[in-house]
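>>> predicted model and sequence follow; I will ask about them next.
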Amino acid sequence: MRKRYALLAVACGALLAIALTLLLTREREPRYEGKELSYWVHLWGLSESDSGARRQAREAIVVLGTNNLNLLVRRISFEPSKDTLLRFAWGLPLGPARRALLRPVANRLVIKSRLARDAVEAFYAMGPAGAPAAPQLAKIINSGGESAMNALKALEAIGEAAFPTIGSMITNATTSTPIRMQVINHLKHHTDSPIARDALTNALHNPDPKVRRLVTEILSPGAFE
């Protein structure tokens, strides 16, 4: 019996050590002119729209973002409730080991959530340059997870280059109604685009009455005048 408890203690200790190692290992940030991507995103967000600092930040974000689209998409896809280390921490028995792990896990979740928001901001700065990531963002959205709304914001930030992908979500059977409604409300501000108009027109045949009602209001006489 003692041997069993000793082995269990060793196993728990090893798992705790692995978990702490993962927590303390920080993902390397891409750099531009010696400064990390997060620095440039924050500078872009805090600067005046027509300032030199904002233009410089956008230039850096476009360079870093277009070369690291997979990193941005991965950050946007983060979902706290599915975090492996969080589940492991909650699964530990009450005691010092659990307390020792929960605090760094919580800090890690805060950091990862901030990085997800920063990634969305990076897409706003990149605009059309982020278009190659549209299919990956659509996949996140159609998964229906916690990260779907962040992925939709990033997709919207790309602009007209992402309209075909955005419009296809209205008819995609796996897209949730709240996401469809969000997509329609986004496209209604871009009815000067033939792609947006076609997507909205096709939505008139959607089986969801809420979707049809909203699209009918948008496509009322004079909507495109």
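Alright, I've got the coordinates. Residues are numbered from 1 along each chain as shown.

>>> run through the residues that contact the spatially most central residue of the chain.
Centroid-nearest residue in the chain, with Cα atoms, centre = their mean: residue 76, separated by 2.5 Å. For residue 76, the contact set (Cβ atoms under 8 Å, 6 or more residues apart in numbering) comprises 116, 119, 120, 137, 140, 147, 150, 151, 154. Bear in mind the C-beta positions are built from the backbone N, C-alpha and C, glycine included.

>>> so it versus residue 57, what's the distance?
Residue 76 sits 19 Å away from residue 57, taking Cβ to Cβ, to the nearest Å as the criterion.

>>> neighbours of the closest residue to residue 128 other than its chain neighbours, just the number please.
Leaving aside its sequence neighbours, residue 128 sits nearest to residue 161 (Cβ to Cβ, 6 or more residues apart in numbering; 4.5 Å). As a burial measure, residue 161 scores 16 neighbours (other Cβ atoms under 10 Å).

>>> cool, the one 4 residues further on as well?
Residue crowding around residue 165 was assessed by other Cβ under 10 Å; the count is 18.

>>> what packs against the helix or strand that contains it?
If you go by DSSP states H and E, residue 165 is part of helix 163-171. Contact analysis of helix 163-171 by 3 or more Cβ pairs under 8 Å, 6 or more residues apart in numbering; DSSP states H and E lists helix 134-143, helix 148-158, helix 177-187, helix 194-202 as its packing neighbours.

>>> hey, which of these is tucked in deepest?
Across the helices and strands packed on helix 163-171, the average number of neighbours (mean count of other Cβ atoms under 10 Å) peaks for helix 148-158, which reaches a mean of 23.

>>> now do that helix: distance to the chain's middle.
How far helix 148-158 lies from its chain's middle: 7 Å, per Cα atoms, centre = their mean, to the nearest Å.

>>> just the CA atoms of it, as CSV, please.
C-alpha atoms of helix 148-158 as CSV (Å, rounded to 0.1, in the frame of the first residue of the first chain):
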residue,chain,number,x,y,z
ALA,A,148,-15.9,32.0,-32.9
MET,A,149,-16.7,35.7,-32.2
ASN,A,150,-13.1,36.7,-32.1
ALA,A,151,-12.5,34.9,-35.4
LEU,A,152,-15.5,36.6,-36.9
LYS,A,153,-14.1,40.0,-35.8
ALA,A,154,-10.8,39.2,-37.4
LEU,A,155,-12.6,38.1,-40.6
GLU,A,156,-14.6,41.3,-40.7
ALA,A,157,-11.4,43.3,-40.2
ILE,A,158,-9.9,41.9,-43.4
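
>>> what angle sits between it and helix 134-143?
Here helix 148-158 runs at an angle of 150 degrees relative to helix 134-143 (axes from the mean of the first three to the mean of the last three Cα atoms, to 10 degrees).

>>> need the mean per-residue confidence for helix 148-158.
Across helix 148-158, the average pLDDT comes to 93.

>>> done for today, thanks.
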